[in-house]
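# Structure, please.
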Amino acid sequence: MRPRSLLSSIVAALVAVAGCRHSNPEDEPMSAAPPSAALLSPALDSLPLDAKLTRMQQLLDAALVTGPTTDAGRVNAFAAEVISDRLLEVPPPFAWLRSAYGTEARLRQIQSLADRIVAELRRADTSEAELTADIRLLRKRVATLRAELAQGGTAAPWPLDSLLAQISTEHTAGGSEGGVE
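Numbering: from 1, shown residues only. Coordinates of the predicted model:
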């Protein structure tokens, strides 16, 4: 075989192999946040928690107005997710909400739902109705948390082990009336 035809055969084989390559969605450009969302990240460092939540709510509102499958809606949803990733960087003003729920736990739930929305945006089989419902749910959770934060915090509830120890002590001190010995 001549060197020229050998080289042509190798090039043809490489082209054929490259054409058969299965692409990994993680390697696709859409896997990264759009540039406008990436540009938001440094500006978030100095914002307090309520300002981040307010901005996140505004972005979700905009995504709902334009529609989550439009370019503008997608960018707004991605930008809201970028903010959600930065919510835990600033310590919350208090650890427990008046609803006896941990502030950090609520922030993590918001973060998780934002991540799910981005995953849905990347999948071709997610319906616009499903995306809209999840964006509305995220917006509601953000608004609810903002309202709860405005009410102030409360002391932490009793730890479960303390409550169980108290029940055990009461049961032992009360004897075995009506119980099995």
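# Show me where the chain has its strands.
Read by DSSP state E, the chain holds no strands at all.
# can you give me the helices in it?
3-20, 35-43, 49-66, 71-85, 103-122, 128-151, 160-173 (DSSP state H).
# Pick the most buried one from the ones you listed.
Most buried of the helices of the chain by mean neighbour count (mean count of other C-beta atoms under 10 Å) is helix 71-85; its value is a mean of 22. Placement of C-beta: from N, CA and C, glycine included.
# Give me the angle between that one and helix 49-66.
Angle between the axes of helix 71-85 and helix 49-66 is 160 degrees (criterion: axes from the mean of the first three to the mean of the last three C-alpha atoms, to 10 degrees).
# Leaving out sequence neighbours, find the closest residue to Gln109.
Residue nearest to Gln109 in three dimensions, not counting chain neighbours: Arg141, with 6.8 Å by C-beta to C-beta, 6 or more residues apart in numbering.
# Format the helices of the chain as a markdown table; extra columns: mean pLDDT.
A markdown table is the format used below for the helices of the chain (pLDDT from 0 to 100):
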| stretch | mean pLDDT |
| --- | --- |
| helix 3-20 | 50 |
| helix 35-43 | 53 |
| helix 49-66 | 96 |
| helix 71-85 | 94 |
| helix 103-122 | 96 |
| helix 128-151 | 96 |
| helix 160-173 | 74 |
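# nearest to Leu97, of those helices?
Closest approach to Leu97 among these is made by helix 128-151 (4.7 Å; C-beta to C-beta).
# Can you name every helix or strand that the closest one contacts?
Applying 3 or more C-beta pairs under 8 Å, 6 or more residues apart in numbering; DSSP states H and E, we find helix 128-151 packed against helix 49-66, helix 71-85, helix 103-122.
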